[in-house]
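Chemist: Sequence first, predicted coordinates after that:
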Amino acid sequence: MSHSKYPSIGQYRNIIKEIKDSSSYVGQDEEGNPIFDITKKAPTLTFTGTTKVHGTNGGVSFRFNNFGEYECQSRTNIITPLKDNAGFATYVYSHKEEFVNLFGEIEDQLSDILKRNPQFYGAVIYGEFCGGSIQKGVGINGLPKMFVVFSIKLLSDDPEEPNSWVSDSFLKEVVVDNPAINLYNVFTFGEWKIDIDFNQPEKMQNKLINYTIAVEEECPVAKYFGVDKGTGEGIVWTCNYNGNVIKFKCKGEKHSSSKVKILVPVDIEKVNSINELVCNVVTENRLLQGLDYLRENHIELSIENTGSFIKWINGDIVKEEIDLIIGSGFEIKEVMSPVSKKAKIWFFDKIFSDGV
């Protein structure tokens, strides 16, 4: 089985643009450029929110009819107990019987779909491996390590296969909490429902902010396990639209990768100087995520690997903040130099301090 990476989740402003572009798209001109009809109304869509758990992304992929053949993965790599990520592979392989039973239950519940769609040969269970000391500064820190499942994807011989993500209702039914091995369904910790009119997405801004602040002030996962007022990360919002699963995330200020003036912006907040831009995007949280990336890939935190750290920071900024960079009138190449300089100084400081 090949590694099936869990996709990155964008922000509210990214989803607004995606939905508006999709609903107003009418075709291409003679040169192949897209044509949009801005008079067409955008839809109103219902989103389901679940707690964004702060840990490390983990997945378990398996083949139908051969549950003994399964693999563990981090966000970026296949992992094993000998080359692990925060102990996730060790956890899965230590509970082989329970996971094999879960694989069987998933196949049984999907039997009708699999008969109609023989291209699906297996599935991946995605979740967050969290608790313990995996992440600092969150309410679940210090709790026993646990695996919180939030998605299941069917694996297909066709990599472009649509509708390969199972529904929330299926996920709720098939992934049953198993406290004996600290495995939980993300819906155990609550959910939210909102209707977003994408003709007026700003009207939902305050509600999204209030939900996010409430989770940051009291993490639903930590509260479930008896930790009151433990800090939470935020909420992931999900919707099925035109046969595709679309998601966006809302993080509290303590966990945001950008210094935003508005917690849930509906469009980019333009900046007037490169220094201001660098300050906004090269945040402590993003830099700490860069360290997590090195650790996940078993890259030593040393001067020799400064380039790997800077490369990840640059790539993450381009991936998540390109609309901000371009919308503020800058070219990517003129921004990357001061970004790299700030990241390098921070990395050196971490290496030579006791904090790494």
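Modeler: Structure received. Everything numeric here is computed off the predicted structure, so don't read it as measured data.
Chemist: Tell me where the stretch 51-200 of the chain has helices.
Modeler: 88-94, 96-109, 111-116, 168-174 (DSSP state H, counting those that start in this stretch).
Chemist: Could you verify my assumption that residue 152 touches residue 169?
Modeler: No: assessed by Cβ atoms under 8 Å, residue 152 is found out of contact with residue 169, at 11.9 Å. Yep, even glycine has a C-beta here, placed from its N, CA and C like the rest.
Chemist: and residue 207, which of the helices of the stretch 51-200 of the chain is closest to it?
Modeler: Closest to residue 207 of these, according to Cβ to Cβ: helix 168-174, at 20.0 Å.
Chemist: Pull out the buried residues from the closest one.
Modeler: Neighbour-count burial for helix 168-174 flags 168, 171, 174 (criterion: 16 or more other Cβ atoms under 10 Å).
Chemist: Any idea which of the residues you listed the model trusts least?
Modeler: By pLDDT, residue 168 ranks lowest within the buried residues of helix 168-174, coming in at 91.
Chemist: quick revisit: now tabulate the helices of the stretch 51-200 of the chain in TSV and tack on distance to residue 298.
Modeler: Output for those, formatted as TSV (distance: least, Cβ to Cβ, whole Å):
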stretch	distance to residue 298
helix 88-94	13
helix 96-109	24
helix 111-116	36
helix 168-174	31
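Chemist: Check these for me and report the most buried one.
Modeler: Mean neighbours per residue, mean count of other Cβ atoms under 10 Å, is largest over the helices of the stretch 51-200 of the chain for helix 88-94, with a mean of 20.
Chemist: name the helices or strands packed onto it?
Modeler: Applying 3 or more Cβ pairs under 8 Å, 6 or more residues apart in numbering; DSSP states H and E, one finds that helix 88-94 contacts strand 56-63, strand 66-73, strand 146-156.
Chemist: returning to what we had before: so which of the buried residues of helix 168-174 is the closest to residue 120?
Modeler: Proximity of these to residue 120 (Cβ to Cβ) peaks at residue 174, which lies at 15.1 Å.
Chemist: Quick check, the closest one in contact with residue 104.
Modeler: No: using Cβ under 8 Å, residue 174 is not in contact with residue 104, being 10.4 Å away.
Chemist: returning to what we had before: please tabulate the buried residues of helix 168-174 in a markdown table, including the columns distance to residue 277.
Modeler: Formatted as a markdown table, the buried residues of helix 168-174 follow (distance: Cβ to Cβ, whole Å):
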| residue | distance to residue 277 |
| --- | --- |
| 168 | 37 |
| 171 | 39 |
| 174 | 45 |
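Chemist: Do a quick rundown of the helices in the stretch 251-356 of the chain.
Modeler: Remark: helices assigned in the stretch 251-356 of the chain by DSSP H, counting those that start in this stretch are 274-281, 284-296, 306-327, 332-351.
Chemist: in the third one, what counts as buried?
Modeler: Translated: helix 306-327. 306, 308-310, 312-314, 316-317, 320-321, 324-325.
Chemist: Including pLDDT and distance to residue 190, could those go into CSV?
Modeler: Putting the buried residues of helix 306-327 into CSV (pLDDT from 0 to 100; distance: Cβ to Cβ, whole Å) gives the following:
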residue, pLDDT, distance to residue 190
306, 93, 42
308, 94, 38
309, 92, 36
310, 94, 39
312, 91, 33
313, 92, 34
314, 93, 37
316, 89, 29
317, 90, 32
320, 84, 27
321, 86, 30
324, 84, 32
325, 86, 36
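Chemist: quick one: the strands in the stretch 151-300 of the chain?
Modeler: 183-185, 192-197, 234-241, 244-251 (DSSP state E, counting those that start in this stretch).
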